[in-house]
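Chemist: Provided below for reference: sequence and predicted model.
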Amino acid sequence: MANPESKPDGLEQFVENLLVRSVILLGVLFLVMHMAGKRPALWFADSSTGAKAPLAMRGGDPYIRALMRTISASESNVRSPYTVIYGGEHVSDLSHHPDRCVTIVAGPNTGNCSTAAGRYQFITTTWIEQAHRYHPAPPRMFFWQNYSFEPEYQDQVVYQWLSDSQAWGVDLRQLLKKGKVNTVLQRLSGTWTSLGYGIEDNSNTAELPSIYKQMLREELGQAAMR
């Protein structure tokens, strides 16, 4: 009978070495991506919710950034909004849009299903359409590859979309600078139906103008510190 305190055999030693090397490699990967200003596709939950959660992207106009956070206050008012899908479940793989069609159990679309996902609750078709226009890192090698749905890219696609006056028929930033928040929310309500003029208001809808003002104060303050 083997002594229970004997040294591990060759297989056990191999497994131990493999685990140690895997941990080291994972740590190096996270360090490199952090230094590069990026996050891996495997995204971990953030303790902040909705608008309070900081944007993953860096830089950009504070008026548009505040608008993005306001949209998430209504569309994804949960912890780790970048990972949430319709119905409240969270996903860990953001290398692509989750594309899960979850049955709608309340509201005007009851009985249908929704693929809405991420901080801005992109349905799959809208994500593909807007990612094709605005994604900063589109697939290049193979036509069947997907656009990355990592938090930074969710932000960048929405930021470029909201900044495109041709997409909305009006310059949203200029309207926001003039204090016309309600006009902007109404213009966007056809895309994000919980913004106050759509068909799916929620408990945060009425508070969105004041939420925007708070987010703008934060974003202007952060911009002044850069």
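Modeler: Perfect, I can see it now. Because the structure is predicted, anything quoted here is derived from the model rather than measured.
Chemist: ok, now which ones touch residue 72?
Modeler: 50, 51, 53, 81, 119, 120 (CB atoms under 8 Å, 6 or more residues apart in numbering). Any C-beta I mention is one placed from the backbone N, CA and C, and that applies to glycine too.
Chemist: how far away is the nearest residue in space to the fifth one that is not next to it in sequence from residue 220?
Modeler: Read that as residue 119. For residue 119, ignoring the flanking residues on the chain, the nearest one in space by CB to CB, 6 or more residues apart in numbering is residue 81 at 4.2 Å. Distance of residue 81 to residue 220, computed by CB to CB, to the nearest Å: 22 Å.
Chemist: these two: which has the busier surroundings?
Modeler: residue 81 (27 against 13; other CB atoms under 10 Å).
Chemist: ranges for the helices of this structure?
Modeler: 10-35, 62-75, 124-134, 151-163, 165-168, 172-177, 181-188, 208-225 (DSSP state H).
Chemist: in the fourth one, what counts as buried?
Modeler: I take that to be helix 151-163. By 16 or more other CB atoms under 10 Å, the buried positions in helix 151-163 come out as 151-163.
Chemist: low-confidence stretches in the chain?
Modeler: 1-48, 140-145 (pLDDT under 70).
Chemist: okay, now the domains of it?
Modeler: 8-37, 50-225 (automatic domain parsing).
Chemist: quick one, which of those domains is packed in tightest?
Modeler: Comparing the domains of the chain by mean neighbour count (mean count of other CB atoms under 10 Å), domain 50-225 comes out on top with a mean of 17.
Chemist: off-centre distance for it?
Modeler: 7 Å (CA atoms, centre = their mean, to the nearest Å).
Chemist: that one: end-to-end distance?
Modeler: Counting by CA to CA, to the nearest Å, you get 23 Å between the two ends of domain 50-225.
Chemist: with stretch 193-201 instead?
Modeler: Stretch 193-201: ends 7 Å apart by CA to CA.
Chemist: can you name the residues in contact with that stretch?
Modeler: So stretch 193-201 is contacted by 71, 74-75, 107-108, 182, 185-186, 188-190, 192, 202, 204-206, 208 (CB under 8 Å, 6+ apart).
Chemist: picking up where we left off before, so which of the helices of the chain comes closest to residue 96?
Modeler: helix 124-134 (9.3 Å; CB to CB).
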